[in-house]
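In: Next input, structure requested:
(2 chains)
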Amino acid sequence: MKNIVKQIIENYGTDKNRLMDILIDIQEQFGYISREAIELMAHMLGLSQVDVEQTITFYHFFSLKPRGKYAIYLNDSVVAYMFGRQAIKEAFEKEAGVKFGQVTDDGLIGLFNTACIGMNDQEPAAIINNKVFTKLTPYRVREIIRHMREGKELDELSNESHGDGKNQHHLLKTMVWSNIRRKGMILSDDYTTGKVLNSVLPTMSPEAVIAEIKHSHIRGRGGAGFPTGFKWEFCRRAKGPKHYVICNADEGEPGTFKDRVILTEKPELVFEGMAIAGYAIGGDEGILYLRYEYRYMKEYLEDVLQKMRNQHLLGENIGGIEGFNFDIRIQFGAGAYVCGEESALLESLEGKRGEPRDKPPFPVEKGYLNLPTIINNVETFATAVRIIENGGEWFTQFGTEDSTGTKILSISGDCMFPGVYEVNWGFNVEDMLNMVGAYDVQAVQVGGPSGTLIGPDEFYRTLGYSDLSTGGSMIIFGKQRNLLKDVVLNFMEFFIDESCGSCSTCRNMPQVMRNKLVKILNGNGVKSDLAELKEWSKILIASRCGLGQTAGNPIVSSLKNFRHLYEVLLQKDVEFDQGFNLEASVQDSCKFVGRVPNFNHH
Amino acid sequence: MSKPVLATTSLAGCFGCHMSILDIDERILQLIELVEFNKSPVDDIKTFTKPVDIGIIEGGCCNSENVEVLRSFRKNCKILISLGECAIMGGLPAMRNGIPVEECLHEAYIGGPTVQLNKSHILPNDDELPMLLDKVYPCHEIVKIDYFLPGCPPSADLIWNALVALLTGDPMKLPYEVVKFD
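Out: Prediction:
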């Protein structure tokens, strides 16, 4: 074991900044990370054992105990529940003979819950040893477990046909579907890889590239909407021996899966966009930070990079431009929503816990390894290629005045055609629902759990930075859904699980709010609870990052737009009820000491 | 006009907050001029004998008796004040929260390193004893609390200022020295 770990560490140049890669390889090799491995890593990398351990325990795909020969991670996002997750969970537990969170005695099968794996349009889905299994049924669960017991290998466990498009590529061969339902400038097939790098960039200075991006008014597609041109300009101006281009492919917002589709179908466009950014800011190294849930794309994407190197689209003197050198490597996360926050992502890239940094300084000045860095979303880089190809002016004809261009939406939930839709900004929700075949709609979650829950009287609203801002996640809920119990509660649990724990506001308040919601759902709610939920949620703004600041949104937003759902649950004429039940709270202790609870004689 | 009536109790606390009440020193003479004590350890009245204006609660609730006393305070007092960390947050006793109550009892009476004499592993189960709750609750999770006076213990001046404010209706004085806890 020791030799293998030593080899893995050396594969990454015995560089402590590559701790994530090292841990991933060890986890995959042994199914867990042992005490001996931790000691060896600490020793060789010049870290304390606690440094190594705190990184391990931060990410939920790392484990200090064996996770089983087959580690099954079943998605627990809200849409998975809507499409039968409960039955799948029960089937797994019955067939495997263990509960979720446990491993079978023979060490063959481990069952684990995991947050949204980016397959919302094909739920229920699970990841087994990095292989994605979609549209599970109880029958398939029984079959998969039986085959595991019969000693079949991972590849023999799937009998489904492969998905559409590039999912059939010999390095992917996955049952995942891209489900592209509407194309625009990014997803269209009218771009030839390398056109900008070979033909356009040689005629432009880096400053001219930035000027075009600024002229296009494109804003970041990850959700926050920072103007991309300014970000690039600030970074170009920042002094430092080296500048970095980082592509944020952490895509953790539940309900988002468009980056998976872009990286499956148009990876060359993303990588070309990163190279253009490298040219603009004066950087020669790019990193694609890819969420571990998409590990199945590793060989495929590395092959794409190699082909681009062979075509001189990456490497030295790209496009014949003297001194324009740029290359890209892929680095993986290991299961942490907060790493989609750019400064947490940087920490993760450096092998640490994904805790957001204090800002300023912003990454454009002090980013990866404290050097000037731009971090953009997958979709932003892809879009940048089309902007430089056609000009910033051309780009502004799409979308609206304050939200130019197109947006790729990930649409899932109660509709006939879930999948990926590239629309112009300014599209309204009503048109979107008709387009995806959604009828009898009760509500739409715009922008994922951190976004807004809207009802039919707001379906006239349009998608754009000035109205309904979204990173792309759209989840549709039909009339039959219990919004508070099935949706809002699920979202609150998600934020509680994913808080990095650094700020006390985000560490505690979502739990307090969740408990209050549960109290209301249990019939113990009183009128003052609603006012308190609203008031108390305000403290979350004191959190360091966007996750913490928006962690109360599921409740705040549903309270604003679906207040009647809360009000019908409240008790009439009761002013105070905290849900405390004396009889229930003494049960455990009385049972343990062997007495019958008695409330009469005191 | 009759004097306002005051009641106090210590639930799952250490009586430190009551000590702090006594720390108002000679002002206690002034206090008994201003108010009348009813159920309280100060005068040793065990049960409520009349309606009370202000009830002061020290400590949270760790057992069924605490809950009953607290509920009787809510029933008999117009205004309830949670006094000190334990009443407000559960305090030190709440350190057992998060550990199953069975484990706590086992540690205290059977398995703990200081358990020497309990050879036959007797657990306290007499019907006369209060029943232990699954965890320690702050008072406002059981009944409505009107005011909270923080501190471990709250300083005598804080208690004095709060009572004077309640009795006179004037705004409470909260100078820095009074709310500085360490």
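In: List the buried residues in stretch A:82-100.
Out: A:Met82, A:Phe83, A:Gly84, A:Arg85, A:Ile88, A:Lys89, A:Ala91, A:Phe92, A:Glu95, A:Ala96, A:Val98, A:Phe100 (16 or more other Cβ atoms under 10 Å in any protein chain shown). C-betas here are computed from N, CA, C, even on glycine.
In: isn't there a helix covering A:Ile330?
Out: No: judged by DSSP: H, G, I helix; E, B strand; the rest coil, A:Ile330 forms no part of a helix; its state is strand.
In: ok, it touching A:Leu290?
Out: Yes: applying Cβ atoms under 8 Å, one finds A:Ile330 in contact with A:Leu290, separated by 5.7 Å.
In: Now list whatever residues contact both of these two.
Out: Both A:Ile330 and A:Leu290 are contacted by A:Lys298, A:Leu301, under the criterion Cβ atoms under 8 Å, 6 or more residues apart in numbering or on different chains.
In: out of these two, which sits in the more crowded spot?
Out: A:Leu290 (24 against 17; other Cβ atoms under 10 Å in any protein chain shown).
In: residues touching the more buried one, list them.
Out: Counting by Cβ under 8 Å, 6+ apart, A:Leu290 has contacts A:Ala249, A:Asp250, A:Leu263, A:Met297, A:Lys298, A:Leu301, A:Ile330, A:Gln331, A:Phe332, A:Gly333.
In: Geometric centre of the chain: which residue is closest?
Out: By default, I'm working from chain A. A:Gly252 (1.0 Å; Cα atoms, centre = their mean).
In: should've been chain B
Out: Short answer for chain B (Cα atoms, centre = their mean): B:Glu58, at 1.5 Å.
In: ok, which stretches of chain A are strands?
Out: Ranges of strands in chain A, per DSSP state E, are A:70-75, A:109-114, A:126-128, A:131-133, A:180-182, A:244-249, A:285-290, A:327-332, A:373-377, A:406-413, A:419-424, A:441-446, A:452-454, A:473-478.
In: Contact residues of the stretch 501-602 of chain A facing chain B?
Out: Within the stretch 501-602 of chain A, the positions lying close to chain B (Cβ under 8 Å from any Cβ of the partner chain) are A:575-576, A:578, A:580, A:582, A:584-590, A:592-595, A:597-599, A:601-602.
In: Repeat the analysis, applying 6 Å as the threshold.
Out: Contact residues, the stretch 501-602 of chain A versus chain B (Cβ under 6 Å from any Cβ of the partner chain): A:576, A:578, A:580, A:582, A:585-586, A:588-590, A:592-595, A:598, A:602.
In: Phi first, then psi, for the closest residue to chain B within the stretch 51-200 of chain A.
Out: The nearest approach of the stretch 51-200 of chain A to chain B comes at A:Gly101, 17.5 Å away (Cβ to the nearest Cβ). Per-residue torsions, A:Gly101: phi 100, psi 0 (degrees, to the nearest 10).
In: who touches the nearest residue to A:Gly546 once chain neighbours are set aside in this structure?
Out: Nearest residue to A:Gly546, sequence neighbours excluded (Cβ to Cβ, 6 or more residues apart in numbering or on different chains): A:Glu341, at 5.9 Å. By Cβ atoms under 6 Å, 6 or more residues apart in numbering or on different chains, A:Glu341 lies in contact with A:Pro356, A:Cys545, A:Gly546.
In: what comes into contact with the helix or strand of chain B with the lowest mean pLDDT?
Out: Lowest by mean pLDDT, DSSP states H and E among the helices and strands of chain B is helix B:176-179, with a mean of 81. When contacts are defined by Cβ under 6 Å, 6+ apart, helix B:176-179 is touched by residues B:Ser155, B:Asp157, B:Leu158.
In: dump the residue contacts of A:Lys173.
Out: A:His162.
In: averaged over its residues, what pLDDT does stretch A:166-186 have?
Out: Taken as a whole, stretch A:166-186 has a mean pLDDT of 96.
In: Oops, could you answer that again for stretch A:136-146 instead?
Out: Rounded mean pLDDT across stretch A:136-146 is 97.
In: buried residues in it?
Out: A:Leu136, A:Pro138, A:Arg140, A:Val141, A:Ile144, A:Ile145.
In: surely A:Gly464 meets A:Gly399?
Out: No: A:Gly464 is beyond contact range of A:Gly399, at 7.4 Å (criterion: Cβ atoms under 6 Å).
In: joint contacts of those two?
Out: Counting by Cβ under 6 Å, 6+ apart, the residues touching both A:Gly464 and A:Gly399 are A:Trp425, A:Gly426.
In: low-confidence ranges in chain A?
Out: Low-confidence segments of chain A (pLDDT under 70): A:601-602.
In: and the top helix by length along it, what other elements does it pack with?
Out: Criterion DSSP state H: the longest helix present in chain A is helix A:504-521. When contacts are defined as 3 or more Cβ pairs under 6 Å, 6 or more residues apart in numbering or on different chains; DSSP states H and E, helix A:504-521 packs onto helix A:489-498, helix A:527-537.
In: just so I know, which of those lies nearest B:Gly112?
Out: Among the helices and strands packed on helix A:504-521, the nearest to B:Gly112 by Cβ to Cβ is helix A:489-498 (33.1 Å).
In: Any buried residues in the closest one, and which?
Out: Quick answer for helix A:489-498 (16+ other Cβ under 10 Å): A:Leu489, A:Asn490, A:Phe491, A:Met492, A:Glu493, A:Phe494, A:Phe495, A:Ile496, A:Glu498.
In: Over to stretch A:343-359?
Out: A:343-357.
In: What is the neighbour count of A:Glu160?
Out: A:Glu160: 12 neighbours (other Cβ under 10 Å).
In: show me the contacts for the residue lying closest to it once chain neighbours are set aside.
Out: Nearest non-adjacent residue to A:Glu160, counting by Cβ to Cβ, 6+ apart: A:Met175, 4.1 Å away. Residues in contact with A:Met175, defined by Cβ under 6 Å, 6+ apart, are A:Thr134, A:Glu160, A:Gly163.
In: Good, we can wrap up now.
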